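> Prediction below, plus the sequence it came from.
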Number of protein chains: 2
Amino acid sequence: MSKGILIVVSAPAGCGKDTILEQALKANGNLYYSVSATSRAMRPGETDGVSYHFRTREQFEQMIADGELLEYTEYVGNYYGTPKKAVTDMLDAGKDVVLKIEIEGAANVRRIFPDCTLVFILPPSFAELERRLHKRGTETDDVIKQRLETARKELEFAGNYDYLITNAALEDAVDDFLAVVRAEKCRRSNREGVIGELLAE
Amino acid sequence: MSKGILIVVSAPAGCGKDTILEQALKANGNLYYSVSATSRAMRPGETDGVSYHFRTREQFEQMIADGELLEYTEYVGNYYGTPKKAVTDMLDAGKDVVLKIEIEGAANVRRIFPDCTLVFILPPSFAELERRLHKRGTETDDVIKQRLETARKELEFAGNYDYLITNAALEDAVDDFLAVVRAEKCRRSNREGVIGELLAE
């Protein structure tokens, strides 16, 4: 069986990456989401082991010490990281794995898995991003202003990504993402051995 | 308007590339097929300007002399080539262009358009390829044997292609091809300027 492929998705807050991934995972039965670990507090509506693996700071630091994380980073005072074993087990089993990581973590994953695919979700415009953040109604104007500033900084790293998907219409963005996954499965570097097998016939 | 992308498809005879492209062109309204020119004789069922631009040897050599071809090659005693202007006009107009070229011509196009996408269609197996060639009933056993030998040689060049699509089930192969085109539209190198435009807001 051939190994699965690893896709890393990054996006500024409000670009709709959670919804895009949710719908893509429903549509592609071989695509699995690898849940990140974090030391931040659980928010209303979140579930441990689904939204994140929620850990205390001490527990998280023990995972770091035990080498259990593929990558980790500290972000706005909290740890975020990717448990290693879950990812490698799924890839070895031929499952395609998607990770949702901010830009620094994505760059770290790329160092460990040079063949992984990096996808960046873009807003159609900053005006629209601001509108969406206001619409969520969960953040104050100051926090929104800060998120927009962060988005600008993150966008400067989008040039390191393999694919840029603009989330103007959700359905199109989901189809773009599914196409990227499907195309990557056809990429020569992900089909090593197929020509040799045919020629060996 | 952003420029279109250029996709070059190669496949050994009997791998179904004509049917795959026909269905893909129906499904993607921005994808255009650029008709090749050839000096070989028209076959029953073929139409000038649709299957190929049929030219005499002398006319073809005039096109070469006038620099009207993107690439050309001689194959089994006949010229095959890609008219340049049709391709560049479509790309400039934002249309995505697909070319159907054998391996040597594909390598030449890549030299001229380094950003083009190379897709190779594979048979599920040589046994199945042989069965399909017999099923067509248009060639003698000797010709089929020769085509299978040629297919083996062509396959050795598939390692230069960006994507390998196995045509085991036609519908899946068409969907793979459409996914490749859609994903390539999202590829960062084909979306130059989008990040700058957002940041300039």
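In hand now; what should we look at? All values derive from a computational prediction rather than experimental measurement.
> What degree of burial does the closest residue to A:Ala24 other than its chain neighbours show, as a neighbour count?
Leaving out its chain neighbours, the residue that sits closest to A:Ala24 by Cβ to Cβ, 6 or more residues apart in numbering or on different chains is A:Phe177, at 5.0 Å. C-beta coordinates here come from the backbone N, C-alpha and C atoms, glycine included. Other residues within reach of A:Phe177, judged by other Cβ atoms under 10 Å in any protein chain shown, total 28.
> before we move on, what about the one 10 residues further on?
Using other Cβ under 10 Å, A:Arg187 has 17 neighbouring residues.
> What ranges does chain A have for its helices?
A:17-27, A:57-65, A:84-92, A:103-112, A:126-136, A:141-155, A:170-186, A:194-199 (DSSP state H).
> List the contacts of A:Arg187.
B:Asp162, B:Tyr163, B:Leu164 (Cβ atoms under 8 Å, 6 or more residues apart in numbering or on different chains).
> ok, now A:Arg132?
A:Gly14, A:Gly16, A:Pro123.
> Most neighbours out of these, which is it?
Busiest of the contacts of A:Arg132 [other Cβ under 10 Å] is A:Pro123, holding 25 neighbours.
> Any buried residues in stretch A:142-154, and which?
A:Ile144, A:Arg147, A:Leu148, A:Ala151, A:Glu154 (16 or more other Cβ atoms under 10 Å in any protein chain shown).
> swap in stretch A:18-32?
A:Ile20, A:Leu21, A:Gln23, A:Ala24, A:Leu31, A:Tyr32.
> Skipping adjacent residues, who's closest to the last one in space?
In this structure, A:Tyr32 finds its nearest non-sequential neighbour in A:Lys95, 4.9 Å apart by Cβ to Cβ, 6+ apart.
> that older thread, what is the nearest of the buried residues of stretch A:142-154 to B:Tyr75?
A:Glu154 (50.2 Å; Cβ to Cβ).
> Isn't the closest one up against A:Ala13?
No - counting by Cβ atoms under 8 Å, A:Glu154 does not reach A:Ala13; the two are 9.1 Å apart.
> and A:Ser36, backbone torsions?
Phi and psi for A:Ser36, reported as degrees, to the nearest 10, are phi -80, psi 160.
> What is the neighbour count of it?
21.
> In this structure it contacts A:Val98, no?
No - counting by Cβ under 8 Å, A:Ser36 sits too far from A:Val98 to count as a contact (11.3 Å).
> quick one on the thing from earlier: could you restrict the contacts of A:Arg187 to the ones contacting chain A?
With Cβ under 8 Å from any Cβ of the partner chain as the criterion, the contacts of A:Arg187 include B:Asp162, B:Tyr163, B:Leu164 near chain A.
> show me where pLDDT drops low in chain A?
Residue ranges of chain A with pLDDT under 70: A:1.
> Alongside chain B, which residues does it contribute?
Residues of chain A lying near chain B by Cβ under 8 Å from any Cβ: A:122-123, A:125-127, A:152, A:155-156, A:158-159, A:161-166, A:175-176, A:178-180, A:182-188, A:191, A:194-195, A:198-199, A:201.
> Now do the contacts for A:Lys3.
A:Lys3 makes contact with A:Leu91, A:Asp92, A:Gly94, according to Cβ under 8 Å, 6+ apart.
> quick one: it from chain B, how far?
Distance from A:Lys3 to chain B, counting by Cβ to the nearest Cβ, to the nearest Å: 16 Å.
> Can you tell me, leaving aside adjacent residues, what's nearest to A:Lys84?
Leaving aside its sequence neighbours, A:Lys84 sits nearest to A:Leu70 (Cβ to Cβ, 6+ apart; 4.4 Å).
> How about A:Ile103?
Distance criterion Cβ to Cβ, 6+ apart; nearest residue to A:Ile103, sequence neighbours excluded, is A:Phe157 at 4.4 Å.
> To what extent is the one you found buried, counted in neighbours?
A:Phe157: 17 neighbours (other Cβ under 10 Å).
> thought it was touching A:Gly105?
No - A:Phe157 is not in contact with A:Gly105 according to Cβ under 8 Å; the separation is 11.5 Å.
> just to revisit the earlier point, taking the contacts of A:Arg187 one by one, which sit in strands?
B:Tyr163, B:Leu164 (DSSP state E).
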